[in-house]
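[1] take a look and give me a structure for this.
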Amino acid sequence: MLVAAAVCPCPPLLVPQVAAGAAPELDAARAACTDAIGVLAAARVDRLIVIGPAEQNGRGPHPQGARGSFRGFGVDLDVRLGRSGGMPRMTGGSDAAERELPPSLAVAAWLLDRTEWSAAPLEGLGVGEPLAAERCIQVGGEIAARADRVALLVMGDASACRTLKAPGYLDERAAGFDAEAARALGAADVDALKTLDEELAYELKAAGRAPWQVLAGAAEGAGLSGELLYEDAPYGVGYLVAAWS
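    The predicted model follows:
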């Protein structure tokens, strides 16, 4: 059963080494992510599932100890999904363990490393943007049934079309989409998340849509309450942080 969730944005710019001179601009977002993950740590969970958007080669499960890298962003920095006391938790030499984390889960690994997560075993799941809402909800329900006390760390950005200089250019529909997503995440409104417009999310380049709908499926019947901890659109991309418990 789902007992807690944290929702965080997933831009590599959250990692100060990647952002370089622009790093202070996202200090508030980083602090909010730390607070949200703190809610997970306090929930005394049996298992943490980290969910984030992924391209084809990063979709599917990623075990504890899987490696991620920010070398593609010009930074000599590697992370592993699940670290404690600065030491990686290894899972062996399987092909799955050797498959590199998608960027969203690499950012999650970096965030968890900052908190020295050691509260429970964890694993990652890369979710493809085309995954239909019905399947997202089904996957979420399956995840929630894995243990008595399950927590989710849900990575994903809102629209990328908030300004003229945004990655997706300006789309007048973006602000409204992001506002409704922020409201739903802040209120733990499962029904509203389930009915997010898939086509509109795709057009607005909202990478968080599928992970948020997995969260909605996992939270069905859990009776959780939510709090929106951060909402902004630096660089024209909507970043939202929320905690559910």
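
[2] Leu131 belongs to a strand?
    No: Leu131: not assigned to a strand; according to DSSP: H, G, I helix; E, B strand; the rest coil it is coil.

[3] quick one: residues contacting it.
    Counting by Cβ atoms under 8 Å, 6 or more residues apart in numbering, Leu131 touches 139, 210. For the C-beta atoms, the positions are set from N, CA and C on the backbone; glycine is no exception.

[4] what does Val190 give?
    216, 219-220.

[5] closest to Arg44 among the residues you listed?
    The shortest approach to Arg44 among these belongs to Ala219, at 18.0 Å (Cβ to Cβ).

[6] tell me who's in contact with the closest one.
    For Ala219, the contacting residues are 2, 5, 140, 144, 188, 190, 244, by Cβ under 8 Å, 6+ apart.

[7] what about the third one, which helix or strand?
    Secondary structure here is read from DSSP states H and E; on that basis Gly140 sits in helix 133-144.

[8] give me the sheet partners of the very next helix or strand once past that helix and which way each runs.
    Using DSSP H and E, the helix or strand that follows helix 133-144 towards the C-terminus is strand 150-155. Paired neighbours of strand 150-155 in the sheet (DSSP bridges): strand 2-8 (parallel), strand 47-53 (parallel).

[9] now strand 150-155: average pLDDT?
    Strand 150-155 carries an average pLDDT of 98.

[10] now it against helix 133-144, angle please.
    When axes from the mean of the first three to the mean of the last three Cα atoms, to 10 degrees is applied, the directions of strand 150-155 and helix 133-144 differ by 140 degrees.

[11] how about low-confidence regions in this structure?
    Scanning the chain for pLDDT under 70 picks out the ranges 83-97.

[12] run through the bridge partners of the most centrally placed residue in it.
    With distances taken as Cα atoms, centre = their mean, Met155 lies nearest the centre of the chain, 0.9 Å away. Here Met155 sits in beta bridges with Cys8, going by DSSP bridges.
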